[in-house]
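Student: With the input below, show me the fold.
(one chain, ligands or ions: 1)
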Amino acid sequence: MPEERFEELKKTCLSCTACPLSQTRTNVVFGEGNPDADLMFVGEAPGEQEDLSGKPFVGRSGQLLDRYLEYVGIRREDVFIANIIKCRPPANRDPKPSEEELCMPYLREQVRLIRPKIIVCLGRIAAMKLIREDYRITEEHGQWVRKGNFLMTAVFHPAAILRDPRKKELMLDDMISISKKLTEE
Ligand code: URA
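Tutor: Numbering: from 1, shown residues only. From the prediction side, this is the model:
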């Protein structure tokens, strides 16, 4: 990993004013974790707690993600966690396509520099952006696809599990599959 380029990218991202979200954010949420990670998680966009702290997945969704990681023996500090969108959309509205387009180059560059073996999309929005535009999370979560140099899958967004606890078991199966793949790759 060219550390300098990663730090440079982070600096550029933290001062980004490319879209209107830059005017309402408290902090840019660049992402965090091991820049040499084999496993990368990509969510949708920061929520309130993430905006306040500048860190990804630290609110209720993040705490649930942490529990799943712990359960399958993956240390949060060993992975890299990022989002499609780096700044919180006001009142957590859906990101606009124009905002996604302006922000995606940051994620693409993160992926290029980190070069993870496995990319896991957290939720439908990330899966539609990174795997396939018509990705159906309910039918396809947990399935593996190879895309270029990466092995990819998507799991339910932790917020979706908080809304519908019946998804817990499915999430657990998917997370077990991810930790197995990580040891195989
Ligand atoms: N939801 C996301 O998609 N990303 C975060 O960082 C937090 C909540």
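Student: Mind listing the residues bridging to the closest residue to the ligand within the chain?
Tutor: At 3.0 Å from the ligand, residue 43 is the closest residue in the chain, using CB to the nearest ligand atom. Any C-beta I mention is one placed from the backbone N, CA and C, and that applies to glycine too. According to DSSP bridges, the residues that bridge with residue 43 are residue 83.
Student: what residues are up against it?
Tutor: 56, 57, 61, 81, 82, 83, 84, 122, 123, 126, 157 (CB atoms under 8 Å, 6 or more residues apart in numbering).
Student: Kindly write the PyMOL command that selects the buried subset of these.
Tutor: Remark: buried members of those, expressed as a PyMOL selection using 16 or more other CB atoms under 10 Å:
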select buried, resi 56+57+61+81+82+83+84+122+123+126+157
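Student: Sort out which of the contacts of residue 43 are in strands and list them.
Tutor: Members of these lying in strands (criterion: DSSP state E): 81, 82, 83, 122.
Student: Hmm, residue 160 and residue 65 touching each other?
Tutor: No - with contact defined as CB atoms under 8 Å, residue 65 does not count as touching residue 160 (11.9 Å).
Student: Which one of the two is surrounded by more residues?
Tutor: Taking neighbours as other CB atoms under 10 Å, residue 65 and residue 160 compare with residue 65 leading, 25 against 18.
Student: which residues sit in contact with that one?
Tutor: Applying CB under 8 Å, 6+ apart to residue 65 gives the contacts 41, 57, 122, 158.
Student: same check, this time on residue 34
Tutor: Contacts of residue 34 by CB under 8 Å, 6+ apart are 77, 78, 79, 80.
Student: circling back: out of the contacts of residue 65, which are close to the ligand?
Tutor: Restricting the contacts of residue 65 to those near the ligand by CB under 6 Å from any ligand atom leaves 57, 122.
Student: And the contacts of residue 65, which two are furthest apart?
Tutor: The most widely separated members of these, counting by CB to CB, are 41 and 158 (10.3 Å).
Student: Once you drop chain neighbours, what's closest to the most centrally placed residue in the chain?
Tutor: What sits nearest the mean C-alpha location of the chain, by CA atoms, centre = their mean, is residue 42, with 1.5 Å. Once flanking residues are discounted, residue 42 sits nearest to residue 126: 4.8 Å by CB to CB, 6 or more residues apart in numbering.
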